[in-house]
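1. Predicted structure and sequence below. I'll ask about it afterward.
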Amino acid sequence: MVLIMGVSSIEESQVKASSQFKISRDLLYGDIRIPTRYLDCIVDTYQFQLLDWRRQLGTAHLIYRNAHHTRFEHSLGVFELSRRFYTSINSEERNAYFAIRHDTDASKVDSQVQRERIACFHNSNLLFVAALIHDIGNYPFCHQLERSMALEMPNHEQTGSLIVRQAFGQVQFLGDSELSRLGLSDKRDALADVINTRARSSSLSPDEVFVRNVISGPYGLDFLDYIYRDSFYCGFSTRPAVDFLLDHATILFNASNNSYEMGFTYHVLHELVSLAYLRLDMERKVYANKTHKIITEMLAQAVRLAIDDARLNLNEICSFTDDGLLEQLKLSRGHKFVQLIRSRKLYEVVHRFDAIRPDVNPSVRQALRMLGPQQTERLRKKIFEELTDHSIDEDDILLSFPHPEERTCKEGDILILMESGEVRRLNTLDPWIARYEDDYQSLRKYLVLMSKDAFDKNGDKAKKVLQRNFQDWVLETYGVEKLSPQTINDKIRTLSDMQIKILTLLLDKALTAEEIGIRVGKKSRGTVLYHLQRLLEEGFVIKERRGKKVIFTVNSQYASYISENVHAPI
């Protein structure tokens, strides 16, 4: 909450200055100064104050007991980082740094500095307001419910965009007079699209696209605050050096999408890699924590039942606090899941499936990529029907599957300004970042859950049945044809001579792309990778990492078919 800091004997000028802002004391950043116009127009409104009653990590406090921090704190934190970023970009020391780097007079602003100053001055109001309200569309447990495949929930960014446009139910937020006072009288649509990363960039000016990237980019202000805040309250010893990163943040041109983005100078390369390690560790231990995923699915099932019972609709959910939503769920069939969570009688994992395992049927992997909430519900009912002989109820089975729209890893795309002036991507400078996506994808597990009572009675039997039949049930549910020997042979016939030659080589020995290139006639690595990609997509070849090498080998599931039907061209 906002605290008014007062001193008994201060100068009149200090009293006047203090009337222009109030101070919120934050554990991470110290005193955050909030101008009174931001308080009146945004912070002290009902819609924004609701964020103070919604936890940043939802139910993670049931695992990490100090993780009670809220969306309100996070929003103020991102606002503070936007102010520090703006100050850093426009500091005289920064002008001197770029002047020295280019061997020019420090009084003459370098073109790089000029570009940064222009962009920030044009967007300072938009930057600060967007940073403050970027989470205005967050509803109770929104990140958990959005990641669940049990139901289709509105995206919080799109909801926030509708709230800013005053097009979301009866919610009134940021009227014309408030926007005018904030210096954004003609920027309602731009502000709505800046806080919604799904909005088309073509609707924004280059400066507005830049502001959206600063806030929501791979290492944007939103990410920097939540990874710092979450790791702090979850008790992690490693935390990002936010001020150090912002001191070396810069604005770089991304030729691939013809826009300016927030990047960093080469001085913080080690810190950026450490931050990627922390992000992966947080994903493993917090965001994708097994217990957290189980609670998420139980909560999602409660919400789904409340919607089915007409005790809850998606427009109402934005008016609830965390505790208010849980009380509303108690009025529906979902109350039993709320009671189970509160009494710590959580579901158990009865089957864990790793889709990226080398021996997985490619058709199953393809089917899982196609899943949506409706298909997942069909699979859940299919599993229940197959296990009815084991005396279980339909609600005893839940599924925790990775959502197809879950966060994709973009850490490697961060732009780095090298000492020579060259701009490079982070994944070209560090070998671990180059394979970061593989490490991240390894955390995506498909879990079948069973209620504790049913698990105690029939868990062992259900495990054996699921181990034997899960992949077949997935194929049956999604209507994907199981590859027959004839289908495999037909697919082999569509391969090019080069692809057949590569398969023949890999039947004898696992090889790297470079080794394959030498053996097929001194072909370039790019050419070999092009053909390997087709073989990987068809499932004939699998990729493994051994130490620092990436090797390719024939999928053992198809080795016999390939050896009988593949003959290397002469």
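-> Received it, and whenever you're ready, just let me know what you need.
2. Tell me which stretches of the stretch 251-400 of the chain form helices.
-> 269-282, 290-308, 322-329, 335-342, 362-370, 373-386 (DSSP state H, counting those that start in this stretch).
3. okay, these, which one's buried deepest?
-> Across these, averaging neighbours per residue (mean count of other Cβ atoms under 10 Å) puts helix 290-308 on top, at a mean of 21. For the C-beta atoms, the positions are set from N, CA and C on the backbone; glycine is no exception.
4. list the helices and strands that one packs on?
-> helix 142-147, helix 322-329, helix 335-342, strand 397-400, strand 446-450 (3 or more Cβ pairs under 8 Å, 6 or more residues apart in numbering; DSSP states H and E).
5. Quick one: closest of the ones you listed to Arg83.
-> Set against Arg83 and scored by Cβ to Cβ, these come closest in helix 142-147, at 25.5 Å.
6. Enumerate the positions of the closest one that are buried.
-> Cys142, Gln144, Leu145, Glu146, Arg147 (16 or more other Cβ atoms under 10 Å).
7. Give me the mean pLDDT for stretch 330-344.
-> The average pLDDT within stretch 330-344 is 93.
8. Same list as before, the helices and strands packed on helix 290-308 that is, but in CSV and with distance to Val423 included.
-> CSV is the format used below for the helices and strands packed on helix 290-308 (distance: least, Cβ to Cβ, whole Å):
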stretch, distance to Val423
helix 142-147, 33
helix 322-329, 43
helix 335-342, 48
strand 397-400, 41
strand 446-450, 39
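9. and Leu272, which of the ones you listed is closest to it?
-> Across the helices and strands packed on helix 290-308, closest to Leu272 is helix 142-147 (Cβ to Cβ), at 24.1 Å.
10. what's next to the closest one, contact-wise?
-> 58-59, 151, 153, 155-156, 292, 295-296, 299-300, 303, 402-403, 406 (Cβ atoms under 8 Å, 6 or more residues apart in numbering).
11. and if we set it to 6 Å?
-> Residues from elsewhere that reach helix 142-147 (Cβ atoms under 6 Å, 6 or more residues apart in numbering): Gly58, Met153, His156, Thr296, Ala300, His403.
12. Out of those, flag the one nearest to Ile488.
-> For the contacts of helix 142-147, the nearest to Ile488 is His403 (31.1 Å; Cβ to Cβ).
13. if I pick that closest one, what's in contact with it?
-> Per Cβ under 6 Å, 6+ apart, neighbours of His403: Arg147.
14. mind checking how far it is from Ser524?
-> 38 Å (Cβ to Cβ, to the nearest Å).
15. next one: Asp490
-> Taken as Cβ to Cβ, the span from Asp490 to Ser524 is 30 Å.
16. do the same with Ala288
-> Ala288 is 38 Å from Ser524, by Cβ to Cβ.
17. likewise Leu443?
-> Between Leu443 and Ser524 the computed distance is 33 Å (Cβ to Cβ).
18. cool, Tyr440 as well?
-> For Tyr440, the distance to Ser524 - Cβ to Cβ - is 29 Å.
19. try Leu127
-> 45 Å.
20. More neighbours: which of the two?
-> Leu127 (26 against 11; other Cβ atoms under 10 Å).
21. what sits against the more buried one?
-> Listed by Cβ under 6 Å, 6+ apart, the contact set of Leu127 reads Ser82, Val211.
22. helix, strand or coil for it?
-> In the three-state summary, Leu127 is assigned as helix, counting by DSSP: H, G, I helix; E, B strand; the rest coil.
23. Which strand residues bridge Glu348?
-> Listed by DSSP bridges, the beta-bridge partners for Glu348 are Met450.
24. What's the local residue count around it?
-> As a burial measure, Glu348 scores 17 neighbours (other Cβ under 10 Å).
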